[in-house]
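Colleague: I need the structure of the sequence given here:
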Amino acid sequence: MSKKQQPVIVGLDIGTTKVVAIAGRKNEFGKLEILGYGKSVSNGVQHGVVLNIQQCVKSIELAMEDLMQKNPNLDISDVYVGIAGHHIKSLQTRGDRILSSSNEDDVIITHKDIELLIKDQHKTCVAAGDQIIDIIPQEYTIDNIPNIINPVGMPGVKIGANFHVVTGNVNAIRNIRRCVEGAQLNTVDLVLQPIASAAAVITDEDLEAGVAIVDIGGGTTDIAVFHDGILMHTAVIPFAGCNVTDDIKKGLGVLKNQAEAMKVRFGTVIPSEANPDAYITIPGVRGLPAKEIKVQNLAAIIEARVSEIIEFVQFQLKQNNLHHRLHGGIILTGGGSMLQHIMQLTELKTGLNARIGKPNINLAGGQSEELSHPMYATAIGLILRGYADYEAGKAFAHTRGNMLMEEETISAPETEAPAPVKKVKPAVRPAAETTMQQAPEEQEDDSFMEEEEDASEDSKKEHPILNRFNRVFDNLRNSFKDFFEGGNDKKL
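Modeller: As a prediction, the model looks like this:
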């Protein structure tokens, strides 16, 4: 598919500390080109849950304004929205369906059969006050043949599958939709944030080997576990970067913005790696004396909270018997993953390999280096999820879609082009021949002058009064001439 046929998809990440909006589309090589991105400070959201709709709407509008300033040619109306929070739950279900046909030998499984099987899972009983956010097939069974990843095109009479069902609180979901609508946008779909982040930072090899995506955000730490290309487990831990900031604020007696600045600039999760002679000077409040803080003390506070988060991750893995399946280790992403030495602490606590996941593996070349920061993983993953839906024919069926103004000029109907003019090279004639060709033209000019004289004479013949006047005038002129030449005795 060519570049101008690809839709413009926007991912909107509404977090506890920031709101990020990114617009992008795929190029002819299947890589993602970022057309614009914007971010703003998030207000009205706590631990992934919207508490103040008006403040959240304002934050979304500011992020969209930042995006539009970077690319005024964008016209955005539809967005994919990430969702998280401690209200998120997941459960495993099983579904089966009998395929009907006049001839059982001709039964071939199609995409429509898969869609109907997934649709049946929306009847799954969930907790009171919850609703289904997403239904993700894990592995299929055809006529009691298990472990089939893609059954489309295979023959069979009975198809079944295991499903990972993600649910969330009805009011929390409704509030997110209200915030998006308040910003004059349309929600195409809600996507669990760890699933979106996983799409941006992992490869097919990671999916096959088995990895755990740990997205340490501002308000929540989101987990998604994959093995053999299948989503095995998801979870949301209500502890993340803002808890680390609050611990620093309370433990060191500083302001919240000062605690956040120290965490970002000097924060490390292993106190022994900090310089024992390094101190941070914090200005006093309202003329109070400045305060000096030892960097190792700051590291000790950060280590305590981050260790707790990693222990929660370890608990989720062991509880679901997934710890020994992760041959690809743990991939850390999100803003909290930028703390110094967090990979070493993760490996020490879990016994698994760890690395930082950056969302640049699916980006086209020449993109801004800032977009490689892990905090953009969710928004970029939302765009990739949108393309997965688009390629499956699910997205933008009842929406106007986003546009890039330059595309309208490119894709406008073209008028019928005029027929090409055949150019003929003029022949070079000899000089003599050219002179011969010009001679008739001169003759034509002379004949034209003669015709004009004849016409003037004919006009004189055709006016007798004028001729008579001329004869009288000639006689008077001769008489006056004779009078002056012959003397005064002559009479007129």
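Colleague: let me see the backbone angles for the nearest residue to residue 312 once chain neighbours are set aside.
Modeller: Nearest residue to residue 312, sequence neighbours excluded (Cβ to Cβ, 6 or more residues apart in numbering): residue 237, at 4.7 Å. Yep, even glycine has a C-beta here, placed from its N, CA and C like the rest. Note on residue 237: backbone dihedrals following degrees, to the nearest 10 are phi -100, psi 130.
Colleague: and residue 237, bridged to which residues?
Modeller: residue 221 (DSSP bridges).
Colleague: need the pLDDT of residue 34.
Modeller: With respect to pLDDT, residue 34 has a value of 94.
Colleague: how far out from the middle of the chain is the helix or strand hosting it?
Modeller: Using DSSP states H and E, residue 34 maps to strand 32-41. Put simply, strand 32-41 sits 7 Å off its chain's centre (Cα atoms, centre = their mean, to the nearest Å).
Colleague: how far does the next helix-or-strand element following that strand sit from the chain's center?
Modeller: Moving toward the C-terminus from strand 32-41, the next helix or strand (DSSP H and E) is strand 45-46. Here strand 45-46 shows a centroid-to-chain-centroid distance of 25 Å under the convention Cα atoms, centre = their mean.
Colleague: name the surrounding residues that touch strand 45-46.
Modeller: For strand 45-46, contacts defined as Cβ atoms under 8 Å, 6 or more residues apart in numbering pick out 14, 15, 16, 51, 56, 59, 219.
Colleague: in the stretch 351-492 of the chain, where is pLDDT below threshold?
Modeller: 395-401, 403, 405-473, 475-492 (pLDDT under 70).
Colleague: one more time with 50, if that's ok
Modeller: Per-residue confidence for the stretch 351-492 of the chain (pLDDT under 50) gives these ranges: 397-398, 407-462, 487-492.
Colleague: now the chain
Modeller: In the predicted model, the chain carries pLDDT under 50 at residues 1-3, 397-398, 407-462, 487-492.
Colleague: can you give me the helices in it?
Modeller: 53-70, 111-120, 170-182, 193-201, 204-209, 241-252, 256-266, 295-319, 342-350, 377-391, 405-410, 431-461, 464-486 (DSSP state H).
Colleague: any idea how this protein splits into domains?
Modeller: According to automatic domain parsing, the chain comprises the domains 204-357, 463-492.
Colleague: tabulate those domains (JSON lines), appending mean neighbour count.
Modeller: Shown next, in JSON lines, are the domains of the chain (neighbours: other Cβ atoms under 10 Å):
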{"stretch": "domain 204-357", "mean neighbour count": "19"}
{"stretch": "domain 463-492", "mean neighbour count": "9"}
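Colleague: could those domains go into TSV alongside distance to residue 392?
Modeller: Formatted as TSV, the domains of the chain follow (distance: least, Cβ to Cβ, whole Å):
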stretch	distance to residue 392
domain 204-357	16
domain 463-492	96
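Colleague: how far off centre is stretch 260-272?
Modeller: With Cα atoms, centre = their mean, you get 33 Å for stretch 260-272.
Colleague: now the terminal residues of it, how far apart.
Modeller: Stretch 260-272 has its terminal residues 21 Å apart, counting by Cα to Cα, to the nearest Å.
Colleague: count of residues packed around residue 169?
Modeller: Neighbours of residue 169 under the rule other Cβ atoms under 10 Å: 18.
Colleague: rewinding a little: got a list of what the residue nearest to residue 312 touches?
Modeller: 220, 221, 222, 223, 309, 312, 313, 316.
Colleague: and what of residue 356?
Modeller: Neighbouring residues of residue 356 by Cβ under 8 Å, 6+ apart: 331, 332, 333, 337, 338, 343, 374.
Colleague: tell me the one of the residues you listed nearest residue 192?
Modeller: Nearest to residue 192 among the contacts of residue 356, counting by Cβ to Cβ, is residue 333 at 14.3 Å.
Colleague: who is that closest one paired with across the strands?
Modeller: Beta-bridge partners, per DSSP bridges, of residue 333: residue 215.
Colleague: from residue 213, how far out is it?
Modeller: Using Cβ to Cβ, to the nearest Å, residue 333 is found at 7 Å from residue 213.
Colleague: give me the common contacts of these two.
Modeller: Common contacts of residue 333 and residue 213, defined by Cβ under 8 Å, 6+ apart, comprise 197, 201, 357.
Colleague: so who does residue 277 touch?
Modeller: No residues are in contact with residue 277 under the rule Cβ under 8 Å, 6+ apart.
Colleague: next, it: phi, psi?
Modeller: The phi/psi pair for residue 277 (degrees, to the nearest 10) is phi -100, psi 10.
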